[in-house]
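> sequence plus predicted model, see below.
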Amino acid sequence: MAEIEAIQTQYLEADASSVTFSSIPQTYEHLQLRYTLTLNATSNTYQRLWLGDGSADTGTDYSYHVMYGHDSTTGAWRGTGEANGIYLGQAPGNMDRAWTGPTIVDILDYVNTNKNTTVQILNWDGGDSTSNADYVIFASGLWDSTAAVDTILINNRYANNFLRGSEFSLYGLNS
Amino acid sequence: MALPAYIDASTGAITDGEAWVGIATTTLASDTTTVTFTSTDDGQVGDWSQYMDLVLIIYGRNDRADTGAAEGKMNFNNDTGSNYPYQDFRGNGSAASASTSSGATYIPVGQFIRNNETANIFCASVVHMFDINSGKYKSSLIQYACEIDDGSGYDYAGITSSTWKSQAPITEIDLTVPYGDWLTASSFSLFGVLPRMVA
């Protein structure tokens, strides 16, 4: 088996309210989700990550820590017992539609039923340095469940649609 | 046109499922001003038109006879215009800081130690370039680490993000350092990341 395999790429040919990867093969050690996203919106807003076994868990089973650089400031915040999933960072919505924001999410040991699932996130909102954009973040997230992950759901906190042309790719990693 | 080795010529099936494809590695035999990677146009592994993303790993040092560290610089397709807005976020052991630019003429790809510092130390950077063949602007995420080990405050771990304001595919990458060259033995490895389009 290859060490890094592409499981699935979803290229949005029409605007979509969310993206789901389901029936994820349970044959890898870790997963990596890579995407570039633009919102059909008038402002930059953030995405949420939901995990599940059979279907996405949309309960209050998530926590996260975020640290960021924005303009010349730095900061950090956290969320616990979150009903809004894991914070994935922002994507551009207030700029020319050619702008896009990239994100990498590493989902570790996702089939292990003796461990809760921890993820780490790198994200940038694609900013143009002239607005309230320009957030680059490094974050951690926890799904407080020992269930295996076979479903990944990504959506926008404020129900903004993902613009067509956005692209999501899921990879499986083995040693 | 010849098919890449990972495609079965009789069936068209992908025989090697590796999603990260090693494109090229350059280890410098002498001090070098500019390291360049260029896409081929032959459908082989060096042809970037087949990849979703590129990943570049740099382990480098600046040959300038000075202390501290200086950034590495990356340009695409010979574009040196003010088309690279970026946001940087770093820590140096005592404080976190951030900086931004709306009109940079290059993408900063990390900090690289200068040559009057302790010998044999090189600095690391991993550069992710996204959706390189799309009609969108091209965004990048860079993680870097530069440990000088002298308490000077030039030791950095950080993240940089950038957008190249061009809708052209990325077909060339140029890497430079200010006021000097890349030092001999600096290494640069480029990978292509394949998509998997399934119905």
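Okay, I see it.
> which ones are touching B:Ile159?
Neighbouring residues of B:Ile159 by CB atoms under 8 Å, 6 or more residues apart in numbering or on different chains: A:Gly69, A:Leu122, A:Val136, A:Phe138, B:Asp88, B:Phe89, B:Arg90, B:Leu141, B:Ile142, B:Gln143, B:Tyr144. (C-beta placed from N, C-alpha, C; glycine too.)
> rerun at 10 Å
Shown here is B:Ile159, whose contacts under the criterion CB atoms under 10 Å, 6 or more residues apart in numbering or on different chains are A:67-69, A:122-124, A:136-138, B:87-91, B:98, B:110, B:141-144.
> without its sequence neighbours, what residue ends up closest to B:Phe188?
B:Thr26 (4.7 Å; CB to CB, 6 or more residues apart in numbering or on different chains).
> give me the neighbour count for that neighbour.
16 (other CB atoms under 10 Å in any protein chain shown).
> touching, it and B:Phe37? I think so.
Yes. With contact defined as CB atoms under 10 Å, B:Thr26 counts as touching B:Phe37 (7.8 Å).
> what residue in chain B comes nearest to chain A?
With CB to the nearest CB, the shortest gap between chain B and chain A falls at B:Phe89, namely 2.5 Å.
> so that residue bridges to which residues?
B:Ala98, B:Ile159 (DSSP bridges).
> do the same with B:Thr32
B:Trp182.
> what about it, distance to A:Phe168?
Using CB to CB, to the nearest Å, one gets 37 Å for the distance from B:Thr32 to A:Phe168.
> those two - which one has more neighbours?
When B:Thr32 and A:Phe168 are compared on other CB under 10 Å, the one with more neighbours turns out to be A:Phe168, at 23 against 19.
> hmm, the more buried one is touching A:Leu33, no?
Yes. Assessed by CB under 10 Å, A:Phe168 is found in contact with A:Leu33 at 6.9 Å.
> could you look up the SS state of B:Ser49?
Counting by DSSP: H, G, I helix; E, B strand; the rest coil, the backbone at B:Ser49 sits in helix.
> quick one, what contacts it?
By CB under 10 Å, 6+ apart, the contact set of B:Ser49 is B:Ser39, B:Thr40, B:Asp41, B:Gly43, B:Ile132, B:Asn133, B:Pro169, B:Ile170, B:Thr171, B:Gly192.
> from the residues you listed, which land in strands?
The strands, defined by DSSP state E, take in B:Gly192 from the contacts of B:Ser49.
> put the buried members of the contacts of B:Ser49 into a ChimeraX selection.
To isolate the buried subset of those in ChimeraX, counting by 16 or more other CB atoms under 10 Å in any protein chain shown, use the following:
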select /B:39,132,133,169,170,171,192
